[in-house]
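# Dropping a prediction and its sequence here:
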Amino acid sequence: MSMPFYVSPEQQMRDRADYARKGIAKGRSAVAMQYADGILFVAENRSPALHKIAEIYDRIGFAAVGRYNQFENLRIAGVRLADTRGYSYDRRDVTGRALANAYAQTLGSIFSSPAELPVEVEILVAEVGSSADDDQIYRLTFDGSIADERGYAAMGGSADQVADYITEHYNEGISLSGALRLAVDALGHDGTEPRRLEPDQIEVAVLDRTRTQQRKFKRITGQALARLLAESAPAAPEPSEAPAAPADEAPTEGGGAAEAPAQVPPAAEESAAAPADGSRATPAEDDVPVAPPEEPDDRPL
């Protein structure tokens, strides 16, 4: 009877974590960012039908990267949990913290179970409050780890580069258009060379605390998205001033440089000085033309 192959628990957990990270690295990044009136979600997504950003409940939003079928199942489970709790108790009892804890337990159980493969997803759960201090953003990884983020959070294959770019340019109380431009630029700086993302290449949604409806989630698409991107586009550089005229050219009365006097050839000068009767005038000694000095013969052969 052969002995079973032994793998230490530490090595098994490392292998499972590497497996999940490689799957997540294949997907594009997503960003959640606080702005003056709520929380903005931006994800690079070229599919108009398969959403990476969705609503969970009245004030709670959801974003994910990785395998679509896996995080879609997690989203549906979160919606059912929130609806059940809101119906059984009160809508105010449905919070982002409780939902994030439920997701963390589920992801941790799957990751530690030897009978199941770890999920290849990362999740952002955000809840908008009555003020910016009450906003909550939670980032959950494939192993059930949960982190409470402030200001912004990035996830996905190039999350570190995206987060570094946002860190350099982010300011508290930023406007919606400014936050959108920053998020789009950050998603474009996920590689060695910056990329420019067009409106049809991104998915955008907000949790807007200023909405009068009970549901604060709203998608931004089409012309509204293009208009926001146009508002935050960098201004075109102003045309440079006309070059100044050289010092030896005096400006004319109209503002331009004075034209150089036309040089008259010597033959024309002689013909102009000849008398009208055709006789040849004898030039004075001072008027005798003098031959120019010979230049040294330094031309190339």
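Sure thing, it's come through. Values in this document were obtained by computation on a predicted structure and should not be read as measured data.

# measure Y152 to S113 for me?
From Y152 across to S113, the span is 32 Å (CB to CB, to the nearest Å). Any C-beta I mention is one placed from the backbone N, CA and C, and that applies to glycine too.

# cool, T141 as well?
Distance from T141 to S113, by CB to CB: 16 Å.

# Comparing these two, which shows the higher neighbour count?
Neighbours were tallied for T141 and for S113 using other CB atoms under 10 Å; the higher tally belongs to T141 (21 against 11).

# which residue sits closest to the more buried one, ignoring its sequence neighbours?
E122 (5.6 Å; CB to CB, 6 or more residues apart in numbering).

# what do you get for A82?
Excluding its sequence neighbours, the residue lying closest to A82 (CB to CB, 6+ apart) is Y57, at 4.2 Å.

# List the residues that contact that neighbour.
For Y57, the contact set (CB atoms under 8 Å, 6 or more residues apart in numbering) comprises V79, A82, D83, G86, R91, V94, L99.

# The second one: helix or strand, and which one exactly?
It refers to A82. helix 68-88 (DSSP states H and E).

# Give me the contact list for the helix or strand immediately after that helix in the chain.
Scanning forward in sequence from helix 68-88 by DSSP H and E, the next helix or strand is helix 96-112. By CB under 8 Å, 6+ apart, the residues outside helix 96-112 that reach it are 16, 20, 56-57, 59-60, 74, 77-78, 81-82, 85, 116, 118-119, 123, 125-127, 136, 138, 140-146.

# How far off centre is helix 96-112?
Relative to the centre of its chain, helix 96-112 is centred 31 Å away, using CA atoms, centre = their mean, to the nearest Å.

# Format the CA atom coordinates belonging to whichever helix or strand comes after that helix as CSV.
Counting by DSSP H and E, the next helix or strand C-terminal to helix 96-112 is strand 121-127. This file holds the C-alpha atoms of strand 121-127, laid out as CSV (Å, rounded to 0.1, in the frame of the first residue of the first chain):
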residue,chain,number,x,y,z
VAL,A,121,-12.9,37.2,-6.8
GLU,A,122,-12.4,40.4,-4.9
ILE,A,123,-15.4,42.4,-3.6
LEU,A,124,-16.1,46.0,-2.6
VAL,A,125,-19.1,46.7,-0.4
ALA,A,126,-19.9,50.4,0.2
GLU,A,127,-22.7,52.1,2.2
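
# how far off helix 96-112 does strand 121-127 point, in degrees?
Computed by axes from the mean of the first three to the mean of the last three CA atoms, to 10 degrees, the angle separating strand 121-127 from helix 96-112 equals 170 degrees.

# related to what we said a few turns ago, what's the closest of the contacts of Y57 to D185?
L99 (30.1 Å; CB to CB).

# So that closest one versus T192, what's the distance?
37 Å.

# re earlier: who are the packing partners of the helix holding A82?
Judged by 3 or more CB pairs under 8 Å, 6 or more residues apart in numbering; DSSP states H and E, the packing partners of helix 68-88 are strand 53-57, strand 60-66, helix 96-112, strand 121-127.

# Just the buried residues of that helix, please?
Neighbour counts over helix 68-88 (16 or more other CB atoms under 10 Å) mark Q70, F71, E72, L74, R75, G78, V79, L81, A82, R85 as buried.

# Generate CSV for those, with distance to G38 and pLDDT as supplementary columns.
Shown next, in CSV, are those (distance: CB to CB, whole Å; pLDDT from 0 to 100):
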residue, distance to G38, pLDDT
Q70, 28, 95
F71, 23, 95
E72, 24, 96
L74, 23, 96
R75, 20, 96
G78, 20, 96
V79, 20, 97
L81, 23, 96
A82, 19, 96
R85, 23, 95
